[in-house]
Structure formats: C-alpha cells, structure tokens
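> The sequence and its predicted three-dimensional model are supplied below.
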Amino acid sequence: MTYQFDFGWLLPYMTVLLKGIGITLQLILVGAVLGVALGTACAWVRALGPVWLKPVVAGYVELIRNTPFLIQLFFIFFGLPSLGVQMSELTAANLAMIVNLGAYSCEIVRAGIQATPRGQFEAGASLAMTPFETFWHVVLIPALQRIWPALSSQIVIVMLGSAVVSQIAAEDLTFAANFIQSRNFRAFETYFVSTLIYLALAILLRQALSGLGWALFPKKKA
Amino acid sequence: MSLIAITEVKKRFGDNEVLKGISIDVEPGEVIAIIGKSGSGKSTLLRCINGLETIDGGSIMVAGAQLLPDEVHLKALRLKVGTIFQQFNLFPHLTAGGNVMLSQMVVKKTPKPEAEAMARKMLDRVGLAHKFDAFPEQLSGGQQQRVAIARALAMQPIALLCDEITSALDPELVAEVLAVVKELAADGMTLLMVTHEMRFARDVCSRVVFMHQGRVHEIGHPEDVFTAPKTPELRQFIGAQ
Amino acid sequence: MVEFTLWDILRNLLLATRWTIALSLVSFIGGGIVGALLLFVRIGGSRVARLFAKGYVELFQGAPLLMQLFLAFFGLGLFGIDVPAWLAAGVALVLWTAAFLAEIWRGCVESIARGQWEASSSLGMGYIQQMRWVILPQALKVAVPPTVGFSVQVVKGTALTSIIGFVELSKAGSVVTNATFQPFTVYGLVALIYFALCWPLSKSSQMLERKLNVAHRDH
C-alpha cells in the first residue's frame, strides 16, 4: 500500500467544514422543532381528531415511512417545481426533513397518547373540559414525557439521514466533505473525519435532547 | 453424615451483608422450613445452596461434595439438588411433558423414550398425567407449580429446595401444591423450604429455622418454635402472622 | 426529442428494481449472519469481545449510512482494488444491517425473564444448552416482528447506494429523469415502487407484533 495517511490538509478547509456543520445543525434544529410539531398535530388527528381527516394522515404517515428519504427529497426539490412550486436547496432540505420526521413522530407521539390511562380523559371531561382542552392541558405533556426517549432517538436518526441533502446541493457537512475531497483528492481521510464529526454530533444531540427532556418535564427530576 | 452441611456462610450485596454466618445441617429425609421477615436473607440462603449466588465466606457441602462456583461443580450440585421457584419458571415454549423431558435429555443425555416415560411417571405423581401435552399458558398457577415440581423430580435429586413456592398462587390453589409437597415429605424426600405457610411448617416439618437479620435466630422442632419461642423477635413474628 | 410513454418510464424503473431487491436480500441475509455473530460476542463473549461488539454497534448506528458507503467505497480503494460500486454497496450495507440486527436481537434475548436462566441452570444446563434449548427458542419468536420491521429500513437504505453509483431504483430514477425531464412523474413512480416493496413488510411486521401481544395477553 503506497497511500500515506495525512491529516494536515484539514486546516485550510476549516471554514468550509464549520459552515457545513452549521448548516447540518440548522437543518436538524428546524426539522426537529417543526417536524415534532407536525407529528404531534397528526398524532392528535389519528388518536382523537375528526374522522374524515384520519385516513389522510394515515396515508401520509404510511407513504413517508415506506419510502426512502432520498426520494422524498428528490420529489420535493425536482418534482414539485413542475407544479410551479419553486424553492431553494436549503428550503427543500428543511421541508423534506420536517415532512419525514413529522410522519415518524406522529406514530411515536400517538403511542404516548394511547398509553394514557382512560381515567385522565374522564377526569378532564368531568371537569367540563372539551376533548381538545383535555388533550392539550392534561394528556399531551405526560404523553410526550413517556415517549421522549423514542422521540430523541428518531431525531438523531433524522440528523444522520440528513447527510443526503448534499445530493441536492444543500451545503451541509457532507456537501463540505464532498467539496474538500474533490479539491485534495484525499477522499478516505476526508470522509473519515466527517464521519467522526457526525458521531460527535450524534452524541451531542443525544445529550442535548436528554437535557431538554429534563427541562421540559421537571417532575421527573425527583 | 449430614446431607447438606451449611457452615458459616456469608453473602453480601455491595455494602449490605445479607447472610452473616449461617450454619445449618440437614439430615437425609428431613423437612426443614425456613421462616422469617422479608429481607431476613432466607431466599438468598436458598439461592446460595443451589449456586445461583456465589458465597463470600464459609462453605456448603452437599452429600460430601463441596459447592464450588465453577461450571463442573455447579452442574454436579444441580444434579443432586432440585429447585422450585416462586414464579414456577416453566419454559413457555414447551409442553408440560416437554418441560419435564428437556433437562433429562439435554443434561443427562437420557434417550427420548426413557425421558418421556419418566416425565409421564412424574406428572402422574403430581396428579397431572392428563396434562402432558398442555402448554404452561393453558394451566392454572397451581398446575404450573406442580409441573415445576415434576420437572425437578425427574432429575432424581436427593434434595429439593423450595423458594416460597405458594406465594405467587391464588389462595384457593395453595392447597393442591402443598398436598404434593406433603406427599414428597412422606416418601422421604429431603426438603428445604422457605415458606409463609405457618400451619404447613408446623404440621409437616421436622425442624423450623427462624432467620432474622441474616442470622439463624432460632432453630428447633416446630412444636417448640411455635409454642415456646425463646426470643422477642420470633414471638413478634409469630404473633404478626 | 424522443417521447417517452409512461410505460417506457415504468419499465425502466422496474428493471432497475431488480437490483434494489437483490441488494436488499444480500444486505439482509449477510447482515443477519454477521449480526448473529455479533450478538453472540455481545452477550456471551469475553469482556474485551463484548466491548468490541458494543463499540461496533455504536459506531455503525451513530454515523450516517451515506458516510459508511463513502468509506467503504474509498476505503476498499486504498488496498489498490478498483472497487465496483456493487461491492462497496454490499459491504457497507451488510455491516450496517448487522449492527442494527445485533442490537434488536440483543433486546429480544434480554427480554427473556431471568427466571428462565435460573430454572434452566438449576436443572444443570450449561450456557450453550440454556441458549440452545431455552432462551433462543423464546427470543426468536419475539424477534420476528422487529426483524421484519427492520427489513424496511434495509430496502430504503439501498437507495443511498445510488450516490456511489450503483444502478438500482433510485439511480434509475435520476437517469430516467435526465432523459425525460419529467421529475414529478418519475420520482412519484419511484416512490410508489418503494412503497410497494416496503409497505407489505411494514404491515406484516405490525400484524406479527399484534399476534405476539395477543398470545402474551392470554397467559
């Protein structure tokens, strides 16, 4: 093997790499917040919402969960413009992540809602709350608390999956890696380093989410 | 010579010393009840005797052979001593007959026809010959526990350890299990049982051991232990029952 | 300009779907074998071996599959081999699948009650006998639904191999799009084909899961 490992090349590309990390973080932040919000709304529909809306949401969830994220991304970025919906690479990437996480978190949140003891709904009703008020004030927070670990795992999975947005030229960490290796011809080291960065991001994200869980559900601290 | 000789046995979990030097000698054919509050160490003692827990001090001899925590010695011990658990622990993927046959075939390498004959005999002994092909989930708790007894007996042990074997049963199912145990005792099986059934201990056992805070607090003939307790702890324990 | 009928598009996509299916099967079977080895190391190996298996799982679950594909593609190339895309794709997907299956199966083995270990060891069984006769028969039953469920992730995972140039369904989608300039139709069809492959797997996983839960509740 004549190939020599060398990581000295990294320094000049530091800004490119940092910018890529920034975009990846921005994508997962927006994706997680809006995706979980969308998922929660869908979970409400599937568990307690109007009957006519249920099959629509069920179809959306099944469609997304049974197709690759890459194809969802391509459909949004390349396919939708032919319907007159134009958007930037970054917007398309954001939208794809929201739609993707929305479907997965719908199922996760729904499991949390279904695990709610019936007595909670009955207690809400007997206090003259509407079904939605009961859901919003009584059911939702404990349900989210119940499924927080599963939701956190899913968010990390979506973050790792976001590597493919580089394929529509959204300038995330993988895009940066592709750019660097096209300049220095050191593909293996470049991807090795970016893999390590992804590993670190996954660990940090996991920590941040578990910290957020503590902050959101303070009762658990005891 | 004693069948089971427990000498100065100590066991600790972290900082918590659960057994603080236990000595009991069990003679062949004896039926011994171990009573005491939860946390007194009685279940731990039983788990030490069949090697599910390793001891931190002292020694346990079964039929003259020392209990050592390596696979060869443990296997030899477990061929001599059977264990019945509170939660039955039947294998859910096997029928009652399969439960009784499995270890004979796998451990003792008994040929299948003989293992099956033995299984039928043992299930008959606990009154469940007709349940040979039933799966555990189709049996009541009392029936499951009787299959567990048959499973242990099929290995032809010289002694049985019973760890609160009626505690997980509905009250109306306790009697059928105790009746089986009583018959075993009458047949001369050596039994060491942790139990909460005081009347049973009194009627069937040859000796009663009262454990308190990791020690043998009192030991004696059931008549003496139950009618003339020597220590306030035992008096309080009996009074609370 | 040549006109492409819907049938032309669909036929080309379906031809490429064969490779998606082939790669999925290879990844799933290969990953299952490597995953089973990992599982035994993880639960029955020496301390060092267990640590290795744990590290392996965390590494492959914590890094993007796309990066793993790049590393396989360019990493194998370091040995001076001219790596065909299918080889890199197969190797990466097998290793990735193995990590997930090993972890799923470990959960199944650990879900078997401790009493089963205790009862079988009280009957004189050794570790291998316990595994063979008592633990695995029960764990396998529990493992079927999540394993089938994970096969969906494998099928979807194969889409990423298009990025290193393996011509399967997704890559065919891009090629056909470039020829027809009908991205909406083409990617819509690609999505539907993936859906047709994955949805039956998802559904059967759910049904098996439900059946298992009902069986458990009847105790």
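Yep, it's here.

> for chain C, what are the nearby residues on chain A?
A:1, A:3, A:62-63, A:65-72, A:74-75, A:78-83, A:160-164, A:167, A:174, A:177, A:187-188, A:191-192, A:194-195, A:198-199, A:202-203 (CB under 8 Å from any CB of the partner chain). C-beta coordinates here come from the backbone N, C-alpha and C atoms, glycine included.

> Filter those down to the buried ones.
A:62-63, A:65-72, A:74-75, A:78-80, A:160-164, A:167, A:174, A:177, A:187-188, A:191-192, A:194-195, A:198-199, A:202 (16 or more other CB atoms under 10 Å in any protein chain shown).

> For the residue of chain B found nearest chain A, what are phi and psi?
Taking CB to the nearest CB, chain A has its nearest neighbour within chain B at residue B:14, 23.3 Å off. Main-chain torsions, residue B:14, degrees, to the nearest 10: phi 60, psi -120.

> Next: residue C:19.
phi -70, psi -30.

> quick one, what contacts it?
The contact partners of residue C:19, by CB atoms under 8 Å, 6 or more residues apart in numbering or on different chains, come to C:166, C:167, C:168, C:169.

> Contacts (any at all) between chain C and stretch B:153-166?
Yes - taking CB under 8 Å from any CB as the criterion, stretch B:153-166 and chain C are in contact, through residue B:155.

> Leaving out the residues flanking it, which one is nearest to residue A:60?
Distances taken as CB to CB, 6 or more residues apart in numbering or on different chains put residue A:103 closest to residue A:60, at 6.3 Å, once the chain neighbours are dropped.

> for residue B:61, same thing?
Ranked by CB to CB, 6+ apart and with sequence neighbours excluded, the top spatial neighbour of residue B:61 is residue B:5, at 4.3 Å.

> how many neighbours does that neighbour have?
17 (other CB atoms under 10 Å in any protein chain shown).

> Is it correct that it falls within a strand?
Yes - the assignment for residue B:5 by DSSP: H, G, I helix; E, B strand; the rest coil puts it in a strand.

> so what's it bridging to?
residue B:25, residue B:61 (DSSP bridges).

> Show the contacting residues for it.
B:25, B:26, B:59, B:60, B:61, B:62.

> if I read this right, the last one contacts residue B:190, doesn't it?
No - in terms of CB atoms under 8 Å, residue B:62 does not count as a neighbour of residue B:190; the distance is 10.2 Å.

> about what we covered before: and of the contacts of residue B:5, the nearest to residue A:137?
Nearest to residue A:137, judged by CB to CB, of the contacts of residue B:5 is residue B:60 at 59.9 Å.

> Which residue is the nearest non-sequential neighbour of that closest one?
residue B:67 (4.2 Å).

> Could you give the backbone dihedrals for that neighbour?
phi -80, psi 120.

> right, and it touches residue B:53 too?
No - using CB under 8 Å, residue B:67 is not in contact with residue B:53, being 11.0 Å away.

> Settle it for me: which of those two has more neighbours?
The neighbour comparison of residue B:67 against residue B:53 (other CB under 10 Å) goes to residue B:67, with 22 against 18.

> coming back round to it: farthest-apart pair in the contacts of residue B:5, please.
Between all members of those, the farthest pair (by CB to CB) comes out as B:26 and B:59, at 14.2 Å.

> Of these two, which one has the most company?
residue B:26 (22 against 14).

> you'd agree that one is up against residue B:33?
No - using CB under 8 Å, residue B:26 is not in contact with residue B:33, being 11.8 Å away.

> Mutual contacts of these two, please.
Counting by CB under 8 Å, 6+ apart, nothing touches both residue B:26 and residue B:33.

> quick one: the nearest residue to residue C:197 once chain neighbours are set aside from residue A:90, how far?
Counting by CB to CB, 6+ apart, residue C:197 lies nearest to residue C:155, which is 5.4 Å off, once chain neighbours are set aside. Noted for residue C:155: a distance of 28 Å to residue A:90, by CB to CB, to the nearest Å.

> So which of those two has more stuff around it?
Neighbour count, other CB under 10 Å: between residue C:155 and residue A:90, residue C:155 has more, with 23 against 18.

> Which residues are in contact with the more buried one?
Taking CB under 8 Å, 6+ apart, one finds C:20, C:24, C:194, C:197, C:198, C:201 in contact with residue C:155.

> Weed out the non-buried ones from these.
Looks like the contacts of residue C:155 have C:20, C:24, C:194, C:197, C:198, C:201 buried, using 16+ other CB under 10 Å.

> Would you confirm that the fifth one contacts residue A:63?
If I follow you right, that is residue C:198. No - here residue C:198 does not reach residue A:63: they are 10.1 Å apart, not a contact under CB under 8 Å.

> after whichever strand or helix holds residue C:40, next one along is what?
Following DSSP states H and E, one finds residue C:40 within helix C:6-44. Of the helices and strands lying after helix C:6-44 in sequence (DSSP H and E), the nearest is helix C:47-62.

> coming back round to it: who's in contact with the residue nearest to residue B:60?
Residue B:67 touches B:49, B:51, B:55, B:59, B:60, B:61, B:73, B:74, B:77, counting by CB under 8 Å, 6+ apart.

> Check for me that the residue nearest to residue A:60 belongs to a helix.
Yes - the assignment for residue A:103 (three-state DSSP) places it in a helix.

> Perfect, that will be all.
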